[in-house]
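>>> Pasting a predicted model and its sequence here:
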Amino acid sequence: MKKQRVPGPGRVWAECREKIRHIRLRGEVEAYADGQLTGAHRMQVAAHIACCWACSGSLQLLRLIKASLRHSPQRTPPSLASARVRRFAQDLSAPTGRDRPSG
């Protein structure tokens, strides 16, 4: 049976500090992606993203979503007037006389 090594108190404290730092900075990834951070805080978040696979993955996903939204065609709802014209055209081209508007 192999003896398991227990990490020393310094290592445990470093891991706890990193976890606390991760929790605190994880919410800043969205602001970083939007370019809302400046100065030292931006550099701090960038350093965290560089060494944290979860946050770097979140940042990559946010960037992909933003790029997709930027390059998607603008879709506007059809106007009421165009819907009425389309319906009128359909009524005119209806094969039976019963569906045709009188007038």
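Looks like it came in fine. These numbers come from a predicted model, not from an experiment. Numbering: from 1, shown residues only.

>>> Give me the nearest residue to residue 52, chain neighbours excluded.
Closest residue to residue 52 apart from its sequence neighbours, by Cβ to Cβ, 6 or more residues apart in numbering: residue 22 at 6.0 Å. C-betas here are computed from N, CA, C, even on glycine.

>>> Next: residue 56.
Spatial nearest neighbour of residue 56, chain neighbours left out: residue 49 (5.1 Å); criterion: Cβ to Cβ, 6+ apart.

>>> Which of the helices or strands spans the residue nearest the centre of the chain?
Taking Cα atoms, centre = their mean, the centroid of the chain lies closest to residue 62, which sits 4.2 Å from it. Applying DSSP states H and E as the criterion places residue 62 in helix 53-71.

>>> What is the subsequent helix or strand relative to the helix or strand bottoming out on mean pLDDT in the chain?
One helix or strand of the chain scores below all others by mean pLDDT, DSSP states H and E: helix 9-26, with a mean of 71. Moving toward the C-terminus from helix 9-26, the next helix or strand (DSSP H and E) is helix 29-34.

>>> Same question for that following helix: list its buried residues.
29, 32-33 (16 or more other Cβ atoms under 10 Å).

>>> just stretch 15-30 next, same as before
For stretch 15-30, a neighbour-count test (16+ other Cβ under 10 Å) marks 25-26, 28-29 as buried.

>>> what sits against the closest residue to the residue nearest to the centre of the chain other than its chain neighbours?
Leaving aside its sequence neighbours, residue 62 sits nearest to residue 33 (Cβ to Cβ, 6+ apart; 4.3 Å). By Cβ atoms under 8 Å, 6 or more residues apart in numbering, residue 33 lies in contact with 59, 62-63, 66.
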